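# got a structure for you, letters missing:
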């Protein structure tokens, strides 16, 4: 069984990889273009740890394997899929701007990836793993928790939250592609008096 700690370690390595790709002159150009079009500053990009998954079937897989992670660990962490035909691992996130999901303890627990055009689905998100339950987490709560006692602003998605934080509303969070769950309602009750 893959431990939660291993999932967090893998996600941290993946986040570093995505960030390096975003700032790589050639590889990251499409990702930087998209973020510039959405008017995100360099400071905001760094603050949220945004990255770019290159349009490749094996770059992340190869990178993580070189760091000592196994195929089984990569598929358990939902960073890679397994080809039904060849049985080989392939990068799950490809050609996407990457949003790390960070818990209140500072662990990277999951990722959301956004397409650069308007193709559907617009986002793909990590599935539940030993380190992540979608229904129990909120995007950007790691930042919002310090300034949300009066009110939390609940947004639809990652970009909305980031835009609000950039405009000074650091009490904004988003559910992770799901309807509000009972567990998320309990989180709200723990941190704030009011949800807008």
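Structure's in. What do you need? Since we're looking at a predicted model, the values are computed, not measured. Numbering: from 1, shown residues only.
# When you work out contacts or count neighbours from here on, use the C-alpha atoms and nothing else.
Noted.
# Mind listing the strands the worst-scoring helix or strand of the chain on mean pLDDT pairs with, and their directions?
For the chain, using mean pLDDT, DSSP states H and E, the weakest element among its helices and strands is strand 123-125, scoring a mean of 90. Strands adjacent to strand 123-125 in the sheet, as given by DSSP bridges, are strand 108-114 (antiparallel).
# Quick one: mean pLDDT over the partner strand.
Strand 108-114 shows a mean pLDDT of 96.
# contacts for that strand?
Identification of contacts with strand 108-114 by Cα atoms under 8 Å, 6 or more residues apart in numbering yields 7-8, 11-12, 93, 96-103, 122-126, 131-132.
# if I look at residue 42, how far off is residue 50?
Going from residue 42 to residue 50 by Cα to Cα, to the nearest Å gives 10 Å.
# all helices of this structure, in order?
Remark: helices assigned in the chain by DSSP state H are 4-23, 29-37, 42-47, 59-66, 71-76, 141-144, 158-166, 182-191.
# now these as a markdown table including mean pLDDT, distance to residue 114 and mean neighbour count?
Output for these, formatted as a markdown table (pLDDT from 0 to 100; distance: least, Cα to Cα, whole Å; neighbours: other Cα atoms under 10 Å):
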| stretch | mean pLDDT | distance to residue 114 | mean neighbour count |
| --- | --- | --- | --- |
| helix 4-23 | 97 | 13 | 19 |
| helix 29-37 | 97 | 10 | 16 |
| helix 42-47 | 97 | 14 | 13 |
| helix 59-66 | 98 | 17 | 17 |
| helix 71-76 | 96 | 20 | 20 |
| helix 141-144 | 97 | 20 | 21 |
| helix 158-166 | 96 | 9 | 19 |
| helix 182-191 | 94 | 23 | 14 |
